[in-house]
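J.: I would like to see how this sequence folds:
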Amino acid sequence: MGNIKIQVKRLKDNTALPAYMTEGSSGLDLYSAEEKIIPPGKWEVISTGIAVEIPYGYEGEIRSRSGIAKDYGVFVLNSPGTIDSDYRGEVRVILMNLGDKSFKVNTGDRIAQLVISPVVKVEVLEVDELSDTGRNAGGFGHTGRR
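T.: Coordinates of the predicted model:
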């Protein structure tokens with residue numbers, strides 16, 4: 001699969017651009033463009049200081065960084081957050097703190113990841129019946145715990 005290009009506009013001076021940390025990374029790290037403190041059990045919207053232009057047919061997915069989720073209980077609240085291809089506003093990240101201590105976000109901290117994914121458009125067809133499967137309406141936990 002070939003690389004696509006996204007255009008990034010800095011909205012604040014000295015804002016870090018999204019970057020892959022390793023050659024095999026699927027997500028570009030997003031950086032905070034401000035300082036905030038997130039108390040336990042609360043969330044904050046964090047500025048990244050950038051806007052992006054994602055090509056039509058793709059979306060940006062904002063995901064948690066595993067390190068801060070594991071070490072501090074801080075994650076992207078609406079994970080994955082979606083950036084549509086026609087959105088041109090600032091990329092902001094909703095971080096939730098489920099840890100037992102306040103979490104300080106510093107300017108320049110890596111706070112989330114941005115994954116660019118293809119979008120498949122569907123045609124919605126209303127029907128009176130759906131086909132049967134072995135599962136049918138079996139939902140949460142229907143296969144048991146073990």
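
J.: make it CA atoms for all contacts and neighbour counts henceforth
T.: Fine.

J.: mind telling me which residue is nearest the centre of this structure?
T.: When the chain is reduced to its mean C-alpha position, the nearest residue by Cα atoms, centre = their mean turns out to be residue 62, at 1.3 Å.

J.: where's that residue, which helix or strand?
T.: According to DSSP states H and E, residue 62 maps onto strand 58-63.

J.: so which elements touch that strand?
T.: Other helices and strands packing on strand 58-63, by 3 or more Cα pairs under 8 Å, 6 or more residues apart in numbering; DSSP states H and E, are strand 81-83, strand 110-118.

J.: could you save those as TSV and add columns showing mean neighbour count, mean pLDDT and distance to residue 38?
T.: Listed next are these as TSV, based on neighbours: other Cα atoms under 10 Å; pLDDT from 0 to 100; distance: least, Cα to Cα, whole Å:
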stretch	mean neighbour count	mean pLDDT	distance to residue 38
strand 81-83	19	96	19
strand 110-118	21	97	13
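
J.: that older thread, now find how far off-centre the helix or strand just after the strand holding residue 62 is within its chain.
T.: Towards the C-terminus, the helix or strand next in line after strand 58-63, according to DSSP H and E, is helix 66-72. Here the centre of helix 66-72 is set off from its chain's centre by 15 Å, with Cα atoms, centre = their mean, to the nearest Å.

J.: and helix 66-72, what's its mean pLDDT?
T.: Throughout helix 66-72, pLDDT has a mean value of 97.

J.: tell me which residues are up against it.
T.: By Cα atoms under 8 Å, 6 or more residues apart in numbering, the list of residues contacting helix 66-72 from outside reads 74-75, 97-99, 103, 111.

J.: what strands line up against the longest strand seen in the chain, and which way round?
T.: Longest among the strand segments of the chain by residue count, using DSSP state E, is strand 43-53. With DSSP bridges as the test, strand 43-53 is paired with strand 7-10 (antiparallel), strand 90-97 (antiparallel).
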